[in-house]
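Visitor: Sequence and predicted model, in that order:
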Amino acid sequence: MAKRITDIPVMDRPREKLQKYGANALSDVELLAILLGSGTQKNDVMLLAKKLVTMIDEKMGTLTVDDFLSVDGIGLAKASALIAAIEFMRRRIKPEGLKVKKTADVLPLIHHYSDRRQEHFITISINGANEVMNVRVATIGLVNQSQIHPREIFSDVILDRASAVIIAHNHPSGNLTPSKEDIDITQKLKAAGKLLGIRLLDHIIFTSKGYYSFLEDHKL
């Protein structure tokens, strides 16, 4: 559970932490808390930011002002500012064009999901020149065959007209060892990709401490 702003020592609060260590040292919740500026009597800014990060993970790319307005504590001014900030950065910092030569090249695009308490299953669409086209969260929750279906993973990849895909998910436990479910879904998606003519380049399991690559471990 996210701490309330008043529970955090002054020098460790988001703004002070940003000034002292730089933006890279802050979590997504802390960054969003700075954008929000303040909470309400009913909704502490840190708790509010945590709620919003979950919603943004689920709806990134389709977010509207009304989505933010549906969250108690967010008014039109904050909702509009958040949508504007997301669009402003989308126009300037895009993953498109990043050349993928090795698995580690895509880690900066997904590393911020490493602190999530649920598993986020991510797809990275790749074109014929091995360049990143798009990065999306496909599902949130436990990765197993009952919840992950090839159509969910490949639907947006097909729309991108991608020739290949890298899939990745975080392990909240901190353990980088692939589970039986991880191995099974990798083989299932590899087979589905072959039928669709979309190569599965790698499956990455990652935490804040490191990553595991099926490709680098010769398991793909």
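Guide: Cool, the structure landed.
Visitor: Could you list the low-confidence segments of this structure?
Guide: 1-2, 61, 91-97, 142-147 (pLDDT under 70).
Visitor: In contact with the most centrally placed residue in the chain, which residues are there?
Guide: Compute the mean C-alpha point of the chain, and by Cα atoms, centre = their mean the closest residue is residue 113, 4.5 Å away. If you count contacts by Cβ atoms under 8 Å, 6 or more residues apart in numbering, residue 113 has them with 57, 120, 122, 137, 170, 206. In this view, the C-beta of every residue, glycine as well, is placed from N, C-alpha and C.
Visitor: ok, the nearest residue to residue 153 once chain neighbours are set aside to residue 49 distance?
Guide: Spatially, and ignoring its direct neighbours in sequence, residue 153 is nearest to residue 138 (5.4 Å; Cβ to Cβ, 6 or more residues apart in numbering). Distance, residue 138 to residue 49, by Cβ to Cβ, to the nearest Å: 24 Å.
Visitor: got it, and residue 174?
Guide: Taking Cβ to Cβ, one finds residue 174 at 23 Å from residue 49.
Visitor: How about the secondary structure of the residue of the chain most remote from its centre?
Guide: Computed with Cα atoms, centre = their mean, the residue of the chain farthest from its C-alpha average is residue 41, at 29.9 Å. Here residue 41 is recorded as coil under DSSP: H, G, I helix; E, B strand; the rest coil.
Visitor: and the nearest residue to residue 45 once chain neighbours are set aside, how many neighbours?
Guide: Leaving aside its sequence neighbours, residue 45 sits nearest to residue 39 (Cβ to Cβ, 6+ apart; 3.6 Å). By the criterion of other Cβ atoms under 10 Å, residue 39 has 18 neighbours.
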